[in-house]
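**Student:** pasting the sequence and the predicted coordinates here, then a few questions.
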Amino acid sequence: MKVFFQKYSLPLLIIVFSLVSNFGLGYLVSAYTLAMFFFWYGLFLLNKKLFSILFLINLIVCVLFAPIAYLYGRINIGLIASLFETNLHEFTEFINLITWKAWITSLLVFISGFSVLYTGRRITKNYSFPKHKYIVIVFF
């Protein structure tokens, strides 16, 4: 059981993160979810340090955008333009409009992403995925 958990926990957590972050960014489950899984898992197999850095940046962006995506849907040019045209009063009003369900979505994205980072750090450097490397590289 321990070998199974050590071998397959990271891919399963990356799948969960891909599903939750797609929902958190305002998208429905689609082929992008599968592409996101292969990207993150392949990057982990190729370079763990680069994976950690890029995944952390992605996690921060997803967590910050999840409440907005819950309210307004996918990101578009209107959201970006309104970001540059806002002031402090509009910002505080906007933050007060965000519901607790939107914050829970953000929390779920954070928990799933943090669990991926934590599990990725716990996997020892000597433990390799020789079969999985070739399978993931083929999909790139």
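**Tutor:** Thanks, I have the structure now. Residues are numbered from 1 along each chain as shown.

**Student:** and Val48, how many neighbours?
**Tutor:** No, residue 48 isn't Val; it's Lys. Per other CB atoms under 10 Å, the neighbour tally for Lys48 reads 14. For glycine as for every other residue, the C-beta is placed from the backbone atoms N, C-alpha and C.

**Student:** so it touches Arg122, yeah?
**Tutor:** No. When contacts are counted by CB atoms under 8 Å, Lys48 is not listed as touching Arg122 (11.4 Å).

**Student:** what residues does the helix or strand that contains Gly78 touch?
**Tutor:** Element membership for Gly78, per DSSP states H and E: helix 77-84. Identification of contacts with helix 77-84 by CB atoms under 8 Å, 6 or more residues apart in numbering yields 68, 72.

**Student:** just for the protein, where's the confidence low?
**Tutor:** Within the chain, the segments meeting pLDDT under 70 span 1-6, 83, 124-140.

**Student:** longest helix anywhere in this structure?
**Tutor:** Determined from DSSP state H, the single longest helix within the chain is helix 48-72.

**Student:** which residue ranges form the strands in this structure?
**Tutor:** Under the criterion DSSP state E, the chain carries no strands.

**Student:** enumerate every residue touching the nearest residue to Ala69 once chain neighbours are set aside.
**Tutor:** Closest residue in space to Ala69, ignoring its immediate chain neighbours: Gly26 at 3.5 Å, by CB to CB, 6 or more residues apart in numbering. Going by CB under 8 Å, 6+ apart, Gly26 touches 69-70, 72-75.
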